[in-house]
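[1] Take this sequence and fold it.
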Amino acid sequence: MATATGHASRRPASSKAHTLKGGAASAYSVASTWERTAQLDDNQLRVIDAIAQAVGQRPFPVHLLEEPAAAQGFASASGSKGDSYVGSLEDAVLHNANQFHKWHAELEAACASETEEKYKRYADLLRGYLASCDALQGKVSTTLGMFDELLQLHAQVANSSQALSGSTETLLGEKQALLEFAEALRARLKFFDEFELAANQFAAAAAAPDNAELMPLLNRLDDCIAYVAANPQYADAVAYATKFRQLHSRALGLVRGRVQTVLRQAAQIVQAAVAEAAASQTATAAGQPGLPSRAANGQQQQPVGRNSSMGRAGPVLPEGVEVSLLYVRFRAAAEPVLKGLFLDLEAKASRPEYARLLDDCRQMYCQIRLQLVEPRLTARLSSLASQPLPQLVRSGTEQLLRLSQLEGQLLEQLFGTTGGVVPRLQQLGPNGVPLQAPLSTFLAEGLRPLLEPLGQLLYDLLRPRFVQLADMEVLAELIDILQHEVLRDQLLRRAGPGGEALMPALSRALADLQERLIYRSQAYIKDHVEGYQAKADDLAYPAKLEAAAAKAAAASN
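    As a prediction, this is how the structure comes out:
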C-alpha cells in the first residue's frame, strides 16, 4: 500500500482532482496535500517498499489456522462484508481502514485509467499525423515524377528552339531595319500627326476654359504651321496647313475668351467690395446726426460725366480704401492667371495674329478698368464741384494725375513694361540702326483708351464753368495753373507714363480758357476802351492828384 501511495504521489494531482467530485475530491485533495508537504526522498521510499514486501508475505497466526471451517467461513464472510463500502467512488462512506484501502485502490485505478486514456488519444493523433505524412510523401513522389517529365519536355523545347535561333536573328535584323525606317518616317510626319492630338486637347481646353494648356497648345500649333509651310512638297501639306490655321484661330479666340472671363471676374470681385464699403460708409454716416449736406448749405452740384451718372456714383471712399479695393484686390484676382499669359503673348507679338490678340486683350482690360474707375472718379469730382474754380482745377487735376499713376503701375504689373502695346515700325537712325522708343511711350499708348475718357470727365466738369466765367483775372490765373503748374510740372512728375494720355483733355481745357480770355479781352477793349468818353472829372489835373494826396495825408494823421 505504501508503494502504491508513493507512486501515486508522483502523478499530477490536477488530473485526479478534475476527475473526482464531491467527497472523493475533498479526500483526494487532503491526501495529495499530505504527500506534497511530507514528501520522502529516494532512500526512504526504497525502505518503505522493502517493508511493504516483507509485511505482504507474513503468514497467518496459528490460532487462526486452527479455528473451525465454519468460523473461518463466518470470518471471511464478515471480513468481506466489512471491506465493502457504501456509495460510488465520488461520494463513498468509509467506516474502517479496509474500506479506505479498497476505495483508495479503486481511486488509483480510475486515475491510472484516465491517464492511460489521454496517452491513447495522443497515440491516435500521432497515427493520424503519420498517415498524413505518408499521403504527403506520396504526393511529393508524384510531383517529383512530374518534374522529371517537365525536365524532359524542357530539353525537347530547348532542342527545338535552337533550330529557330537562326531564323529569329534574321527576323530581328529585319525588324531593326524597319524600326529605323519607321522612326525616320515618324520624325518627318510627327507634325502632321500632331493635328489629332492638338484637336483633342483643344476640345478639352474649350470645355474647361481655366485649363493651363492653352499656351503650350498654341506653341505646338505654331511649330506645326511653320514645319508644314517649310515643306510644301509633302502630300496634303496645303490641307494640313489650312486645318492648323483654323485650329490656331480657334485657340486664339479661346485665349481671348479666357482673358475676358478673368477680367470680368476680377471686376465683379472689386465691385462687390466697393459696394460693401460704400454701404458701410453710408450706414456709418447715417448713424451720426447733424452731418451737414451740400443741399442744406445751398451749394448746388453740377452734373459730371458723359452720361450724367453723378447720382449713381455713390459716396466718396477714403483714398486708402479706394486704392486697396480698386488696385490691390483687382491685381490679386487677375495677376496669377493673366501675367504669365500676357508675357507669352508679348514674346510672340512679332506675328500679326498675336499682336492683334494682345491689342484686343489690352482694349478689354481698359474697358473693364474704365467701368470700375469712372464711377469713383465721378464721385470725387462731384465732391469737389462746390470749390472755387482755381481750387477745383488744382484738386481735379491732382485726382486725375494720381489716378494716372496708379493705373500705369497696374498696367505695368499685368502687361509688362510695354503695357501690351506692340512696337510699330521703328524709325531708322543715321547709321541705319532702328531707334528704340522709350518704354514710357508704350505705357502711355496702352493707357490712352482708359485715361482719355477719364480726362474727358474733368473737362466736362470744367468747361461749363469756363464758358460762364467773365473775370479776366480769374481766367488768367486758371491759364497759369494749367499751363505752368499742371502741364509743365505736375504732368510729367506725378502722372507717370499715362501723362501723355491726359494731355489732349488738359490741352483742350487750356485752349478753351485762352479762347475765353481773348474773347473777354476783346469785349473789354470794345466796351471800355474804344467807346470811352472822357468827363470833366477825369481831366481835372492837377486838382485830382492834389485831392488824392491830401486825402492820403489826412488818413495817415
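[2] Just the CA atoms of stretch 185-198, as PDB, please.
    In PDB, the C-alpha atoms belonging to stretch 185-198 read as follows (Å, rounded to 0.1, in the frame of the first residue of the first chain):
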ATOM      1  CA  LEU A 185       9.400  58.500 -91.300                       C
ATOM      2  CA  ARG A 186       7.700  59.300 -88.000                       C
ATOM      3  CA  ALA A 187      10.200  62.200 -87.500                       C
ATOM      4  CA  ARG A 188       9.000  63.700 -90.700                       C
ATOM      5  CA  LEU A 189       5.300  63.000 -90.200                       C
ATOM      6  CA  LYS A 190       5.300  63.900 -86.500                       C
ATOM      7  CA  PHE A 191       4.000  67.400 -87.200                       C
ATOM      8  CA  PHE A 192       1.100  66.000 -89.300                       C
ATOM      9  CA  ASP A 193       0.200  63.600 -86.500                       C
ATOM     10  CA  GLU A 194       0.100  66.400 -84.100                       C
ATOM     11  CA  PHE A 195      -3.200  67.600 -85.600                       C
ATOM     12  CA  GLU A 196      -5.400  64.900 -84.000                       C
ATOM     13  CA  LEU A 197      -3.700  65.300 -80.600                       C
ATOM     14  CA  ALA A 198      -4.000  69.100 -80.800                       C
END
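[3] Name the residues that touch it?
    217, 220-221, 223-224, 227-228, 234, 236, 240, 243-244, 247 (CB atoms under 8 Å, 6 or more residues apart in numbering). From N, CA and C alone the C-beta is placed, and that goes for glycine too.
[4] Show me the shaky parts of the stretch 101-250 of the chain.
    The model of the stretch 101-250 of the chain has pLDDT under 70 over residues 193, 204-213.
[5] could you pull out the helices for it?
    214-230, 237-286 (DSSP state H, counting those that start in this stretch).
[6] on that earlier part again, pick the one among the contacts of stretch 185-198 closest to residue 458.
    Residue 458 has its nearest neighbour among these in residue 217, at 44.9 Å by CB to CB.
[7] and the closest one, what does it touch?
    Applying CB under 8 Å, 6+ apart, the residues contacting residue 217 are 198, 201-202, 205, 251.
[8] Okay, and which of the residues you listed map to strands?
    Judged by DSSP state E, strands contain none of the contacts of residue 217.
[9] got TSV for these, with neighbour count too?
    Shown next, in TSV, are the contacts of residue 217 (neighbours: other CB atoms under 10 Å):
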residue	neighbour count
198	20
201	19
202	21
205	21
251	21
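[10] Out of those residues, which comes closest to residue 444?
    Residue 444 has its nearest neighbour among these in residue 251, at 31.1 Å by CB to CB.
[11] residues near the closest residue to that closest one other than its chain neighbours, how many?
    With sequence-adjacent residues excluded and distances taken as CB to CB, 6 or more residues apart in numbering, residue 251 is closest to residue 218, at 5.4 Å. Residues near residue 218, counting by other CB atoms under 10 Å, number 24.
[12] re earlier: in ChimeraX, how would I select just the buried ones from the contacts of stretch 185-198?
    Burial among the contacts of stretch 185-198 is assessed by 16 or more other CB atoms under 10 Å; the matching ChimeraX selection reads:
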select :217,220,221,224,227,228,240,243,244,247
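[13] can you redo the contacts of stretch 185-198 as a markdown table with distance to residue 157?
    A markdown table is the format used below for the contacts of stretch 185-198 (distance: CB to CB, whole Å):
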| residue | distance to residue 157 |
| --- | --- |
| 217 | 53 |
| 220 | 50 |
| 221 | 54 |
| 223 | 51 |
| 224 | 51 |
| 227 | 51 |
| 228 | 53 |
| 234 | 49 |
| 236 | 50 |
| 240 | 51 |
| 243 | 53 |
| 244 | 54 |
| 247 | 55 |
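[14] Quick one: residues contacting residue 481.
    Residue 481 makes contact with 390, 393-394 under the criterion CB under 8 Å, 6+ apart.
[15] Now do the phi/psi pair for it.
    Dihedral angles of residue 481 (phi, psi; degrees, to the nearest 10) stand at phi -60, psi -50.
[16] Look up how far residue 490 lies from it.
    Applying CB to CB, to the nearest Å, the value for residue 481 to residue 490 is 10 Å.
[17] Helix or strand: which one has residue 478?
    Applying DSSP states H and E as the criterion places residue 478 in helix 472-480.
[18] and that helix, what does it pack onto?
    helix 389-415, helix 499-524 (3 or more CB pairs under 8 Å, 6 or more residues apart in numbering; DSSP states H and E).
[19] ranking these by burial, who's on top?
    Each of these was assessed for mean neighbour count using mean count of other CB atoms under 10 Å. The highest is helix 389-415, with a mean of 20.
[20] Show me what that one is packed up against.
    Helix 389-415 packs on helix 330-347, helix 352-384, helix 439-468, helix 472-480, helix 491-494, helix 499-524, going by 3+ CB pairs under 8 Å, 6+ apart.
[21] For residue 344, see how far away the most centrally placed residue in the chain is.
    A centroid search over the chain (CA atoms, centre = their mean) returns residue 336, at 13.2 Å, as the residue closest to the centre. Computed with CB to CB, the distance linking residue 336 and residue 344 is 14 Å.
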